[in-house]
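A.B. asks: here is my input; please provide its structure:
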Amino acid sequence: MNPALRQTVCFLVISTLLAVSASAQLLVEESFNYAAASSIGSATTAGFSGNWRYLGTPANVTAGSLGYTDGNGAVLGTSNNQLEVGDDRRAQASFDTSGGGALGSYVDGTGNIGADNTTLYLSILMQCPTGTAGFAAFELNRDSDSDSERVMSIDLSTLNHGGSSNYFFTTYSGGFVDTGYDLSTSGSTTQFFVIRFDFASGADTFSVYANPTLGTEPGEPMVTGTFSDLSFDRIGFANFVDPGTTILFDELRLGTSYAAVTAIPEPGATAAFAGLAALVMGLGFARNRKAR
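C.D. replies: Numbers count the residues shown, from 1 in each chain. The predicted structure is shown next:
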């Protein structure tokens, strides 16, 4: 192979790898890599800060991961453990909103995640038994753990949605439901949700995908809309349903793209590309030697 062509091949392979990495960056991944059968104390996962906080008895980490397979048979990569939240409990944790943190480029002037003209993706796995009554949710809050500072939730709530057993995306104002958007999915199997936040100087835009295909962002979300302010700085996992009921959560991810939060890149992918470049170069070198 011509030396100049060889160099071009290497350059293209390396450029492709760098472009893929830059456009699909996973910023935060909470896969509950803590000891099983115990509660979480200090938040040691990158992207979080301080201690986990509990209303009621602390939630426990349970061995093993929840799983999700999309309609095309693609399997979401998961690892480590899951969080089990018993009835009448809430677990909350704060993100690291420092300028140098994993989410630093998304932090606005008030110290919350929601800088103008940025797009952020979030995904979460949830599993809740069917026929439960009450409120079970993944929540985002701003400035405080209290209900009055809840911004949004993905929830099962017979209290807020007319007795519906479907999951909803819900926005809040002053602790009260502003609008509930039916996500048209229910059941006791694991549910996978992706939220896209488009933060702006005016109203922010959200797009929610329920049990979507993995890897490539679908053309149409399940629901979309705008809300005055979707900025947040902490998460919550709530279970206020029937006594004895447990809710499971897993694989909370925040990233720069849909692809980043709907798949875990294979550890060997970069090595495979590099190996391919080396193979192409090697074959070219061998052909040059043979031609001589």
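
A.B. asks: how about low-confidence regions in the stretch 101-250 of the chain?
C.D. replies: Along the stretch 101-250 of the chain, the model assigns pLDDT under 70 to no residue.

A.B. asks: switch the cut-off to 90
C.D. replies: The model of the stretch 101-250 of the chain has pLDDT under 90 over residues 129-133, 158-159, 162-163, 175, 242-244.

A.B. asks: so where do the strands sit in it?
C.D. replies: Counting by DSSP state E, counting those that start in this stretch, the segments of the stretch 101-250 of the chain that form strands are 118-127, 135-141, 150-157, 167-173, 176-182, 191-199, 204-210, 223-227, 234-240, 247-255.

A.B. asks: now the angle from the longest one to strand 234-240?
C.D. replies: What it means is strand 118-127. Per axes from the mean of the first three to the mean of the last three C-alpha atoms, to 10 degrees, the angle that strand 118-127 makes with strand 234-240 is 30 degrees.

A.B. asks: how about the second one?
C.D. replies: An angle of 170 degrees separates the directions of strand 135-141 and strand 234-240 when computed by the same axes, to 10 degrees.

A.B. asks: distance from strand 135-141 to the middle of the chain?
C.D. replies: Distance, stretch centre to chain centre, for strand 135-141: 14 Å (C-alpha atoms, centre = their mean, to the nearest Å).

A.B. asks: in JSON lines: the strands of the stretch 101-250 of the chain, plus mean neighbour count and distance to Gly71.
C.D. replies: In this view, the C-beta of every residue, glycine as well, is placed from N, C-alpha and C. As requested, the strands of the stretch 101-250 of the chain are exported to JSON lines (neighbours: other C-beta atoms under 10 Å; distance: least, C-beta to C-beta, whole Å):
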{"stretch": "strand 118-127", "mean neighbour count": "21", "distance to Gly71": "16"}
{"stretch": "strand 135-141", "mean neighbour count": "24", "distance to Gly71": "22"}
{"stretch": "strand 150-157", "mean neighbour count": "25", "distance to Gly71": "20"}
{"stretch": "strand 167-173", "mean neighbour count": "22", "distance to Gly71": "17"}
{"stretch": "strand 176-182", "mean neighbour count": "15", "distance to Gly71": "20"}
{"stretch": "strand 191-199", "mean neighbour count": "21", "distance to Gly71": "11"}
{"stretch": "strand 204-210", "mean neighbour count": "20", "distance to Gly71": "12"}
{"stretch": "strand 223-227", "mean neighbour count": "16", "distance to Gly71": "19"}
{"stretch": "strand 234-240", "mean neighbour count": "23", "distance to Gly71": "27"}
{"stretch": "strand 247-255", "mean neighbour count": "24", "distance to Gly71": "19"}
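
A.B. asks: all set, thanks.
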